[in-house]
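# Would you be able to build a 3D model of this:
(one chain, ligands or ions: 1)
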Amino acid sequence: MTSDEVIKKQKQYLLPSVGTYYERPLVLASGEGRYLYDLDGNRYLDFFVGILTVGVGHCHPKVTAAVQQQQATLVHTSTLYATERQVELAERLANLAPGDVSKSFFSNSGTEANETAIMLAQAATGLDEVVALRYGYSGRSQLALSLTGNGAYRRGLGGAGLGGVHHAPAPYCYRCPFHLTYPSCDLACARDVEELIQTTTGGRVAAFIAEPIMGVGGFITPPKEYFQVVVDIVRKYGGVYIADEVQTAWGRTGGRWWGVQQYGVQPDIMTSAKSLGNGQPIGWTAATPKVADAFTGPQIATFGGNPVSCAAALATLQVIEDEGLLENAALVGAHLRAGLEDLQRRFPEMGDVRGMGLMQAVELVRDPRSKEPAPELAAAVLEASRREGLLIGKGGLHGHVLRIAPALNIGRGDVDDALRMMGRALAAATGRS
Ligand SMILES: Cc1ncc(COP(=O)(O)O)c(C=O)c1O
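Down below sits the predicted model:
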């Protein structure tokens, strides 16, 4: 097929929500390491890796070999049976997860992982209500969208969403909901959770769910004490802490396996998906034994714990360890951050540069004083980056935040290439030199 034919068939046979990036959809044909190739033979340096999912690069030979071997041995069992791969992965994750988080349930996506987390929290506490964050994203089921604090995605709900979810102000320092400045704000956003619980709930809550860095929200990076303050409040009112590490896990934030480790807090429940299988579908929910053991009764995830996905995950974790990718993400991430800050001096439209490790964002504004979001500029930078041969992502409430998140095994030279392309794309989009 030609790319024109694919685009035509996509419009005819797929829902309009598919393939929405770029004026002319990008038709991808293959990937290798840090590069993607389209059907017309063009090469792209991939700095978004399928929404932070191909963490060790496209078609990593060790992950591919593990998948091929498992595919030829045992493909599917369902959660009715045990398999070696599933328990190996659960054991590995119990050893990697912080604190006492040690009992896993596997599903197929981040959405399912979060659904499972809320069920676990409700079973363990006997309570219903949940505190989530404005600007957060939890997935695309009815419950996950009800937890989501982003109107663009909530429109898919077709209504108010499920009851019992209360959205706290986001720890969004660039646009502080209290118009204060860190650290003199004394973490007003975190402390507000107590009043939220006292005024909008029955007085006790099952859980607080939050991403360590708010991915879809535009890599909103909370101040370092934020989670300690909120988690204390939530526990005081009966709730458990669910860390949604769908984007932040597996070394993404640099130097550590988990986003929560950057904040010195201990979750009761963790969820992840995306990069765990390096592209092979897998969702993961894990909890402390105290929480997990409250969850009795049958639960089926037909494809959960699929041996092929588990084999991919085991190989991915091994690659992260063998290639020293936690350290690489910290080092190369610092280089990327410094380069973005250099660009910020040239382009005042880059209102805020934020993130950790290889999870860096640029919030684009029309004017740095008014901070008016600039979604049209973000779209233009994305298009111009594509023409340069660089793929980056978008996010933020208005689609005005550039999200930059390459595979963890890139080098400084790749970052330099990407920064040069971004510089030219920003120049083309802003008309500045
Ligand atoms: C933080 C977070 N949680 C949950 C999800 C949902 O994951 P999935 O798309 O695999 O269902 C996403 C997806 O982007 C996410 O970023």
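# Check the burial of the closest residue to the ligand within the stretch 101-250 of the chain by counting its neighbours.
The stretch 101-250 of the chain approaches the ligand most closely through Gly110 (2.3 Å), counting by Cβ to the nearest ligand atom. Where you see a C-beta, it was placed from the backbone N, CA and C, and this is true even at glycine. The local packing of Gly110 (other Cβ atoms under 10 Å) involves 29 other residues.
# so it touches Ala273, yeah?
Yes - if you go by Cβ atoms under 8 Å, Gly110 and Ala273 touch, sitting 3.7 Å apart.
# Return every residue with contacts to both of the two.
Shared contacts of Gly110 and Ala273, defined by Cβ atoms under 8 Å, 6 or more residues apart in numbering, are found at Val246, Gly283.
# residues touching Ser104, list them.
Leu89, Ala90, Leu93, Ala94, Trp284, Thr285, Ala286.
# no, scratch that, I was asking about Leu325
Shown in contact with Leu325 (Cβ under 8 Å, 6+ apart): Gly55, Val56, Gly251, Val319, Leu408, Asn409.
# Specify the local secondary structure of the fifth one.
The local conformation at Leu408, judged by DSSP: H, G, I helix; E, B strand; the rest coil, is coil.
# ok, and the closest non-adjacent residue to it?
Leaving aside its sequence neighbours, Leu408 sits nearest to Leu325 (Cβ to Cβ, 6 or more residues apart in numbering; 4.1 Å).
# for the first one, same thing?
Using Cβ to Cβ, 6+ apart and skipping the chain neighbours, the partner closest in space to Gly55 is Ser275 (3.4 Å).
# list the contacts for that neighbour?
By Cβ under 8 Å, 6+ apart, the residues touching Ser275 are Val49, Leu52, Thr53, Val54, Gly55, Val56, Ala249, Trp250, Arg252, Thr316.
# of the residues you listed, buried ones?
With burial judged by 16 or more other Cβ atoms under 10 Å, the buried subset of these is Val49, Leu52, Thr53, Val54, Gly55, Val56, Ala249, Trp250, Arg252, Thr316.
# Leu276 contacts Ala313, doesn't it?
Yes - assessed by Cβ under 8 Å, Leu276 is found in contact with Ala313 at 4.9 Å.
# what sits in contact with each of those two?
Common neighbours of Leu276 and Ala313, using Cβ under 8 Å, 6+ apart, are Ile282.
# circling back to that earlier point, show only the entries of the contacts of Ser275 found in helices.
By the criterion of DSSP state H, membership of the contacts of Ser275 in helices covers Val49, Leu52, Thr316.
# just these now: which is nearest the ligand?
Taking Cβ to the nearest ligand atom as the measure, the ligand sits nearest to Leu52 out of those, at 7.6 Å.
# Would you mind pulling the contact partners of the helix-or-strand element of the chain with minimal mean pLDDT?
The helix or strand of the chain with the poorest confidence is helix 151-154; it has a mean of 93 (mean pLDDT, DSSP states H and E). Contact with helix 151-154 is made by Tyr137, Arg140, Leu145, Thr148, Gly161, Val216, Leu397, Gly399, as judged by Cβ under 8 Å, 6+ apart.
# which stretches of the stretch 1-150 of the chain form strands?
28-32, 35-38, 43-46, 103-107, 130-133 (DSSP state E, counting those that start in this stretch).
# Sheet partners, orientation included, of the fourth one?
On the basis of DSSP bridges, the sheet neighbours of strand 103-107 come out as strand 283-287 (antiparallel).
# What residues does this structure have near the ligand?
Proximity of the chain to the ligand is confined to 51, 109-111, 114, 137-139, 211, 215-216, 244, 246-247, 273 under the rule Cβ under 6 Å from any ligand atom.
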